[in-house]
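**Q** Fold the stuff below for me.
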Amino acid sequence: MTSGRRFRISLRVREAISGYMFTLPFTLGFIFMFLHPFIQSIIFSLSKLELSSTGYSLTYTGLQNYYNALFVNAEYPRLLVETAGAMLYSVPLILVFSFFAALLLNQKFKGRTIARVIFFLPVILSADIIGRMESADYITLFLEEGILDVDEMTFVGREQLLALIMYLKFPEDLLTYIVMSSLRIAQVIRSSGVQILIFLAGLQSIPPSYYEVAKIEGATGWESFWMVTFPLLSPLIVTNIVYSIIDFFTAPSNQLVEFIRTSMFGSAGYGVSMAMSWIYFAVVAIFLLITAGLISRKVVYMDEG
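**A** Numbering: from 1, shown residues only. Okay, here's the model as predicted:
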């Protein structure tokens, strides 16, 4: 009896062990597959690399590569600022769309499963087919040849949308944001599949008893949304924000990623391109820390309710 009590593990310890076991594959994979190139990229960013018949040689230059990336190369700082601005524009739009799409797909209606597959289908297609079309620029070719009518694709329903927004008397900045966002709806749908699935899983994990209690207390559907649904989905909002930021910054269509890749074998050199990569990594990390840090303060966990 004494021995059994001595080796009894508390629930908190078991949860901690489960968490460590869950992250163990990533930790081992990083140590054995990514740690060496991770450290090597730091060394390259602080050195000048020269190729030879026997391999390569490194000459330590300190922070010179970082100075060249930020103050000598005129293209890199501009692309860095434009990419950060585009992220601030796109990520809120993706989150809002995926959140309300998940709310609609969580309702009971005929063909709900097919509708969920349709919303996730662009994610599967963009992994290969759409990516190849973009890289080969087939879409631009179709537009130039007149196979696709750009006026019909872009401006269908635009006048009706403008009339509705003007009737609602939205602020001018919000009006511009909504109109410009409507022109990028295909990109938003393609980038929202994973987020929709995460929100759907969160909606289905909320106990129905919470809504029953809210209804007994006299809460309307709108009040139940803000007092039950939205707070309990706040941890998943943080998850989707982090995922959306990383997905945007690492997308194959990202011009800055392509610029760093081409600079590696261009006039900038390997060391400068590594410095560009680390600056880019630092910018992404800062965005994630600020965003997660600010929003995590408002997160509500189910076991706290």
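
**Q** any idea of the mean pLDDT in the helix or strand containing Ala16?
**A** Using DSSP states H and E, Ala16 falls within helix 11-29. Mean pLDDT, helix 11-29: 87.

**Q** One more: stretch 46-55?
**A** 80.

**Q** What's the end-to-end length of that stretch?
**A** End-to-end distance of stretch 46-55 (C-alpha to C-alpha, to the nearest Å): 18 Å.

**Q** Any buried residues in that stretch, and which?
**A** For stretch 46-55, the neighbour count (16 or more other C-beta atoms under 10 Å) marks 46-49 as buried. (Each C-beta comes from the backbone N, C-alpha and C, glycine too.)

**Q** Just the CA trace of stretch 207-223, in CSV.
**A** Output of stretch 207-223 as CSV, limited to C-alpha atoms (Å, rounded to 0.1, in the frame of the first residue of the first chain):
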residue,chain,number,x,y,z
PRO,A,207,-21.0,21.2,-24.5
PRO,A,208,-24.7,21.8,-25.4
SER,A,209,-25.5,22.3,-21.7
TYR,A,210,-23.8,25.7,-21.8
TYR,A,211,-26.3,26.9,-24.4
GLU,A,212,-29.2,25.4,-22.5
VAL,A,213,-28.1,27.3,-19.3
ALA,A,214,-27.8,30.5,-21.3
LYS,A,215,-31.3,29.9,-22.8
ILE,A,216,-32.8,29.3,-19.3
GLU,A,217,-31.2,32.5,-18.1
GLY,A,218,-33.0,34.4,-20.9
ALA,A,219,-30.0,35.0,-23.2
THR,A,220,-30.8,35.6,-26.9
GLY,A,221,-28.9,33.9,-29.7
TRP,A,222,-26.7,36.9,-30.1
GLU,A,223,-25.9,37.1,-26.4
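
**Q** Stretch 67-85: how far from the chain's middle?
**A** Counting by C-alpha atoms, centre = their mean, to the nearest Å, stretch 67-85 is centred 22 Å from the centre of its parent chain.

**Q** Start at 237, not 1
**A** Sure, I'll start numbering at 237, so the last one becomes stretch 303-321.

**Q** Can you get me the start-to-end distance on it?
**A** Stretch 303-321 end-to-end distance (C-alpha to C-alpha) = 22 Å.

**Q** Would you mark the buried spots in the helix holding Ala252?
**A** Here helix 247-265 shows no buried residue, counting by 16+ other C-beta under 10 Å.

**Q** Show the pLDDT at the residue nearest the centre of the chain.
**A** When C-alpha atoms, centre = their mean is applied to the chain, the residue found nearest the centroid is Ser480 (1.4 Å). We have a pLDDT of 89 for Ser480.

**Q** Double-check it against Ser427; I have them as touching.
**A** Yes. Counting by C-beta atoms under 8 Å, Ser427 is a contact partner of Ser480 at 7.4 Å.
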